[in-house]
Structure formats: C-alpha cells, structure tokens
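Enquirer: sequence first, then the predicted structure, then my questions.
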Amino acid sequence: MIILHVLGARPNFVKAAPVIEALRAGGVGQAVVHTGQHYDERMSEIFFRELGLPE
C-alpha cells in the first residue's frame, strides 16, 4: 500500500510534513503529488528541502 499526499498551498506542506515523517518512520510507502498551485521556488521548492518532503 502507498499513501498518496496531495499538496498545493503553503499551509498544506507544513501540516503534512510531520505526518509524512511519522509514516516514513513506520516504513509506510508514500508519494507526494504537488498540484502546482505555488510553483515559484520561494513558494514551493523551499518546503520540500527544508521540511524533508519526498519529491
């Protein structure tokens, strides 16, 4: 089973990060779908780097 996270707006990234980390620690397969709502580096990419979200 793989959990699919659909994220788009900045608050979604911040809220999902601890959930993603907890599932990762439990060995659960995951994928993140970025809706592209914020595609600017300052509005999106930084969250993947700083929160350790899977790409």
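Expert: Alright, I've got the coordinates. Just so you know, these numbers come straight off a predicted model, no measurement behind them.

Enquirer: distance check, residue 46 against residue 13.
Expert: 9 Å (CB to CB, to the nearest Å). Placement of C-beta: from N, CA and C, glycine included.

Enquirer: of these two, who's got more company?
Expert: residue 13 (23 against 13; other CB atoms under 10 Å).

Enquirer: for that one, which non-adjacent residue is closest in space?
Expert: residue 47 (3.9 Å; CB to CB, 6 or more residues apart in numbering).

Enquirer: quick one: the one you found from residue 5, how far?
Expert: 12 Å.

Enquirer: one more: residue 12?
Expert: 9 Å.

Enquirer: next one: residue 20
Expert: Using CB to CB, we find residue 20 at a distance of 6 Å from residue 5.

Enquirer: please apply the same query to residue 13.
Expert: Counting by CB to CB, the gap from residue 13 to residue 5 is 10 Å.

Enquirer: repeat for residue 29
Expert: Applying CB to CB to residue 29 and residue 5 gives a distance of 12 Å.

Enquirer: neighbour count: the two, which is higher?
Expert: Shown here are residue 29 and residue 5; by other CB under 10 Å, residue 5 has more neighbours (18 against 10).

Enquirer: quick one: contacts of stretch 12-20?
Expert: Applying CB atoms under 8 Å, 6 or more residues apart in numbering, the contact partners of stretch 12-20 are 5, 7, 30, 32, 44, 47-48, 51-54.

Enquirer: buried subset of the residues you listed, written for PyMOL?
Expert: Entered in PyMOL, the line below selects the buried ones among the contacts of stretch 12-20, by 16 or more other CB atoms under 10 Å:
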select buried, resi 5+7+30+32+44+47+48+53
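
Enquirer: switch the contacts of stretch 12-20 over to CSV; also include pLDDT.
Expert: Output for these, formatted as CSV (pLDDT from 0 to 100):
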residue, pLDDT
5, 94
7, 88
30, 94
32, 91
44, 69
47, 74
48, 76
51, 80
52, 79
53, 78
54, 73
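
Enquirer: let's see which of the contacts of stretch 12-20 end up in strands.
Expert: 5, 7, 30, 32 (DSSP state E).

Enquirer: dump those residues into CSV; add distance to residue 24 as well.
Expert: Below are the ones in strands among the contacts of stretch 12-20 laid out as CSV (distance: CB to CB, whole Å):
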residue, distance to residue 24
5, 11
7, 15
30, 7
32, 11
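
Enquirer: thank you, goodbye.
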